[in-house]
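> Here you go, sequence then predicted model.
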Amino acid sequence: MKTSIITSLTYQNHITGPGHPERIDRVKVINEELKKFDKNIEWIQPKSFDQTIIEKVHNKKYLENISMSFPKKGVKYLDSDTIISPGSKQATMDAVGSIITGIDQVNSGKFKNTFCSVRPPGHHAERNKAMGFCVYNNVAIGAAYLLHHYKYNKVAIIDYDVHHGNGTQEIFFNNSDVLYISTHQYPFYPGTGSSNEKGSSDNILNIPLDSGTGSDVYFNSFEYVLKKLKNFKPEFILLSSGFDAHAKDPLAQINLKSKDFYEITKRILNIANDICDGKVVSILEGGYNLDALRESAFEHVRALIEN
């Protein structure tokens, strides 16, 4: 079976304005780089989906407010750094639709795994709050889809974006069916992610990393991720794949190399093969140096293909 890459050109219509780090070129350079895999991947468009699944994650009033916030022209600030434009309405829906489509494909056995190359990202979006470039929490909606549509009992989300996924944690803090694991720089934006934040059922594992952390220390810490994952025994694994822990990234100070994202992915997949038949869907979160992002996403997908 092949790895699928799910993407939509609507990402190009999500305009964040000059100088904004979450820009169109992020997905553009990834997709150009992934074309090198040629016949080892299959490109897929996100499908339409029943949008009521979003209400399992986001407050209905919040969704109504967001729906009315998309401007008819220009841009609108949802907070100091979360910006939307007219094209954001479809781009945000396609980002959610990508993880829904990926889950359907992997669950059916059509593809062995999936990477969703999308923007805007999602893991900072809380139940009733947009923030950190994020409008809808894509990965959380994916987890809700697995629980409610496919009736899975245990879903794991592994988030290796350099910024803590406060939104994903908030949404699943009291849900014992979802394990959320995050490695991230701390203390740092958004301010959450202390190791003391463990969830109501010990279903949250935060691994805070000091500024300047390099590969050796990171992978020593990553053993805790793998141990927790093995003990939880999820039936499906979702990855919040941020590549901004790279040494070249301008928005953080963790010093991973591009090839480290191959190793991160490989270690997760080795466990996924044992405990959930390799059922893994990955979705893009952060990564703001274009060269580092291009290389890191390539290494990530290389591991998915080789699995």
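Ah, there it is.
> give me the element G191 is part of.
If you go by DSSP states H and E, G191 is not part of any helix or strand.
> That one: neighbour count?
Neighbourhood size, G191 [other CB atoms under 10 Å]: 10. Quick note: C-beta positions are derived from backbone N, CA and C, even for glycine.
> Start the count at 45 instead of 1 going forward.
Okay, using 45 as the starting number, the last item reads as G235.
> Contact partners for it?
Contact analysis of G235 by CB atoms under 8 Å, 6 or more residues apart in numbering lists N210.
> residue boundaries of the helices in the protein?
Using DSSP state H, the helices of the chain run over 69-78, 104-113, 132-152, 182-192, 210-216, 259-276, 304-319, 334-350.
> With mean neighbour count and distance to I225 added, can I get those helices in a markdown table?
Converted to a markdown table, those look like this (neighbours: other CB atoms under 10 Å; distance: least, CB to CB, whole Å):
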| stretch | mean neighbour count | distance to I225 |
| --- | --- | --- |
| helix 69-78 | 19 | 24 |
| helix 104-113 | 13 | 26 |
| helix 132-152 | 23 | 18 |
| helix 182-192 | 26 | 12 |
| helix 210-216 | 25 | 10 |
| helix 259-276 | 15 | 5 |
| helix 304-319 | 20 | 10 |
| helix 334-350 | 21 | 17 |
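> would JSON lines of these with mean pLDDT be doable?
JSON lines is the format used below for those (pLDDT from 0 to 100):
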{"stretch": "helix 69-78", "mean pLDDT": "98"}
{"stretch": "helix 104-113", "mean pLDDT": "98"}
{"stretch": "helix 132-152", "mean pLDDT": "98"}
{"stretch": "helix 182-192", "mean pLDDT": "99"}
{"stretch": "helix 210-216", "mean pLDDT": "99"}
{"stretch": "helix 259-276", "mean pLDDT": "98"}
{"stretch": "helix 304-319", "mean pLDDT": "98"}
{"stretch": "helix 334-350", "mean pLDDT": "98"}
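> Using JSON lines, lay out the ones you listed together with distance to K173.
JSON lines is the format used below for the helices of the chain (distance: least, CB to CB, whole Å):
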{"stretch": "helix 69-78", "distance to K173": "23"}
{"stretch": "helix 104-113", "distance to K173": "7"}
{"stretch": "helix 132-152", "distance to K173": "15"}
{"stretch": "helix 182-192", "distance to K173": "13"}
{"stretch": "helix 210-216", "distance to K173": "8"}
{"stretch": "helix 259-276", "distance to K173": "27"}
{"stretch": "helix 304-319", "distance to K173": "29"}
{"stretch": "helix 334-350", "distance to K173": "26"}
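> so which of those helices gets nearest Q229?
helix 259-276 (10.7 Å; CB to CB).
> State the distance from the closest residue to L283 other than its chain neighbours to D205.
Spatial nearest neighbour of L283, excluding adjacent residues (CB to CB, 6 or more residues apart in numbering): S326 at 3.9 Å. The gap separating S326 from D205 is 12 Å, by CB to CB, to the nearest Å.
> list residues touching both of these two?
Counting by CB under 8 Å, 6+ apart, the contacts common to S326 and D205 are S285.
> Can you give me the neighbour number for the spatially closest residue to A188 that is not a sequence neighbour?
Counting by CB to CB, 6+ apart, K100 is the residue found nearest to A188 once chain neighbours are left out, at 3.9 Å. Neighbours of K100 under the rule other CB under 10 Å: 15.
> surely K100 meets H193?
No. Assessed by CB atoms under 8 Å, K100 is found out of contact with H193, at 9.6 Å.
> quick revisit: now do the contacts for the residue nearest to A188.
Neighbour list for K100: I185, A188, Y189, L191, H192 [criterion: CB under 8 Å, 6+ apart].
> Contacts only, for the third one.
The reference is to Y189. Going by CB under 8 Å, 6+ apart, Y189 touches I97, K100, I143, I144, I147.
> ok, now with 6 Å
Y189 makes contacts with I97, I144, I147, as judged by CB atoms under 6 Å, 6 or more residues apart in numbering.
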